[in-house]
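Chemist: The following block contains a protein sequence and its predicted model.
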Amino acid sequence: MGQSGGFFSFLLQNLSQFWSFTGFNNFTVGHGIMIVVGIIFIYLAISKEFEPMLLIPIGFGIIAGNIPFAPGYQIGVYESGSVLNYLYFGVIKGIYPPLIFLGIGAMTDFSALISNPKLMLIGAAAQFGIFGAYTIALLLGFSPQEAGAIGIIGGADGPTAIFLSSKLAPDLMGAIAISAYSYMALVPVIQPPVMRLLTTRKERLIRMKPPRQVTKLEKILFPIVGMLLTTFIVPSGLPLLGMLFFGNLLKESTVTKRLADTARGPLIDIVTILIGLTVGASTNATTFLTPKSIEIFVLGAFSFIVATFAGVVFVKFFNLFLKEGNKINPLIGNAGVSAVPDSARVSQVVGLEYDKSNHLLMHAMGPNVAGVIGSAVAAGILLSFLA
């Protein structure tokens, strides 16, 4: 009888110990909330096709990062020695974003910008949202470094947001990255109402001259000259700008097709998987569900709306100085943010609502790619005086 009692006591002790390690025992309401958020991300990616290449890895990462567990078993993204922690190294050290920019450069055609350089000004104007959000964040009590990292969300550029927050506010990286990618995915939802609100029917019907044909020499010189100009002004933007222009040179030189194909294909796909999964996993409820995270989401929405507002209003203002026939359709002002090519597609879709034959996509790609450069330059400026 004594042996039987000892066995049952031993069994109960082991079962109790096993239970203490299960997710059911360590589950909190916060974990449940974040798992639901991850499921919503996956739903939006599959059902609505909102940036599925980003939202599915991020959504699954959010679920994985919020599986409750007892600490000490090298499982979580923040536990030294865990697989997720090793993969997260590329995020916290800012390795993944430049590789993403290499791929973006290799898939981007800068012809629309080269043929009409004044469209660069729209991309610059849209960066106003970054500095507007930076100012508001300071007023809300965030440190200058945190405010700078939050403000970059307005550029609608996830890799740039991750790169800057890894340098300035690593503790807020999860909230900043999720916010940036969320608003990138919601470009087709957020931007059209702002564009319609700020433009008249006459302005929406403006037809722009077809872009001129750009020579091969111009395409080859652009990444070289562009890198020299931007990095001499903002050397701290070299990791992003250098890789962006390097990728574009691989594409436009036409003699490194295999390298360009690798950069814009397998490489960017692999890095996107790693960055999405690990950023999602970093949103563990115990560290992510804080009042600061909520404030960051609100500020991110504000900066993104302001960036769209600034781009459209700038075009309207710029048109005051342009002759009839040379005016710019203000519906492409929204494309000044860095969400390539989604914001340019929004310009096209909204424009076609009012004139089925007025195709704005090629024109909108000018400020759109300028926005990529502009957000990297803005990140370099913030890094230069806040780091």
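Modeler: Perfect, I can see it now. Residues are numbered from 1 along each chain as shown.
Chemist: which residues touch Ile136?
Modeler: Residues near Ile136 by CB atoms under 8 Å, 6 or more residues apart in numbering: 299, 302. (C-beta placed from N, C-alpha, C; glycine too.)
Chemist: Now the stretch of helix or strand it belongs to: average pLDDT?
Modeler: According to DSSP states H and E, Ile136 maps onto helix 128-139. Here helix 128-139 scores 88 as its mean pLDDT.
Chemist: Only alpha carbons, please: show that helix as CSV.
Modeler: Output of helix 128-139 as CSV, limited to C-alpha atoms (Å, rounded to 0.1, in the frame of the first residue of the first chain):
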residue,chain,number,x,y,z
PHE,A,128,6.4,66.0,-43.8
GLY,A,129,4.3,63.4,-42.0
ILE,A,130,7.5,62.0,-40.5
PHE,A,131,8.5,65.2,-38.9
GLY,A,132,4.9,66.1,-37.9
ALA,A,133,4.6,62.9,-36.0
TYR,A,134,8.0,63.4,-34.5
THR,A,135,6.9,66.8,-33.1
ILE,A,136,3.6,65.3,-31.7
ALA,A,137,5.5,62.4,-30.1
LEU,A,138,7.8,64.8,-28.3
LEU,A,139,4.8,66.7,-27.0
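Chemist: following that helix, which helix or strand shows up next?
Modeler: helix 144-151.
Chemist: Who are the packing partners of that following helix?
Modeler: For helix 144-151, the contact count by 3 or more CB pairs under 8 Å, 6 or more residues apart in numbering; DSSP states H and E identifies helix 128-139, helix 158-168, helix 173-185, helix 291-319, helix 361-386 as packing neighbours.
Chemist: ranking those helices by burial, who's on top?
Modeler: helix 158-168 (a mean of 28; mean count of other CB atoms under 10 Å).
Chemist: Now tell me what touches that one from outside.
Modeler: 54, 91-94, 96-98, 100-101, 145-146, 148-149, 152-153, 155, 172-173, 176-177, 179-181, 184, 239-240, 275, 279, 338, 375-376, 379, 382-383, 386-387.
Chemist: In the worst-scoring helix or strand of the chain on mean pLDDT, which residues are buried?
Modeler: Using mean pLDDT, DSSP states H and E, the weakest-scoring helix or strand in the chain turns out to be helix 2-21, at a mean of 73. For helix 2-21, burial by neighbour count (16 or more other CB atoms under 10 Å) applies to no residue.
Chemist: next helix or strand past that helix?
Modeler: Heading C-terminal from helix 2-21, the first helix or strand you meet, by DSSP H and E, is helix 23-26.
Chemist: Show me what the next helix or strand along the chain from that following helix is packed up against.
Modeler: Note on helix 23-26: by DSSP H and E, the next helix or strand toward the C-terminus is helix 29-47. Counting contacts by 3+ CB pairs under 8 Å, 6+ apart, helix 29-47 is packed against helix 52-65, helix 285-288.
Chemist: can you give me the angle helix 29-47 makes with helix 52-65?
Modeler: 160 degrees (axes from the mean of the first three to the mean of the last three CA atoms, to 10 degrees).
Chemist: what residues does helix 29-47 touch?
Modeler: 50-52, 54-56, 58-63, 65-68, 185, 280, 283-286, 288-289.
Chemist: can you redo the helices and strands packed on helix 144-151 as a markdown table with distance to Asp261?
Modeler: Below are the helices and strands packed on helix 144-151 laid out as a markdown table (distance: least, CB to CB, whole Å):
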| stretch | distance to Asp261 |
| --- | --- |
| helix 128-139 | 33 |
| helix 158-168 | 20 |
| helix 173-185 | 25 |
| helix 291-319 | 32 |
| helix 361-386 | 20 |
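Chemist: wait, what's in contact with Tyr183?
Modeler: Taking CB under 8 Å, 6+ apart, one finds 153, 156, 190, 300-301, 304 in contact with Tyr183.
Chemist: So which of these sits lowest on pLDDT?
Modeler: Ranked by pLDDT, the contacts of Tyr183 bottom out at Ala156, which has 71.
Chemist: So which of the helices and strands packed on helix 29-47 is nearest Glu218?
Modeler: Nearest to Glu218 among these is helix 52-65; the distance by CB to CB comes to 30.7 Å.
Chemist: Emit the PyMOL select command for whichever of the contacts of helix 29-47 are buried.
Modeler: To isolate the buried ones among those in PyMOL, judged by 16+ other CB under 10 Å, type:
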select buried, resi 50+51+52+54+55+56+58+59+60+61+62+63+65+66+68+185+280+283+284+285+288+289
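Chemist: Now do the contacts for the closest residue to Ile75 other than its chain neighbours.
Modeler: With CB to CB, 6 or more residues apart in numbering as the criterion, Ile75 has its nearest non-adjacent residue at 5.2 Å, and that residue is Phe69. Phe69 makes contact with 21, 23, 26, 75-76, according to CB under 8 Å, 6+ apart.
Chemist: Give me the secondary structure label for Phe69.
Modeler: coil (DSSP: H, G, I helix; E, B strand; the rest coil).
Chemist: Relative to Leu250, how far out is it?
Modeler: Between Phe69 and Leu250 the computed distance is 43 Å (CB to CB, to the nearest Å).
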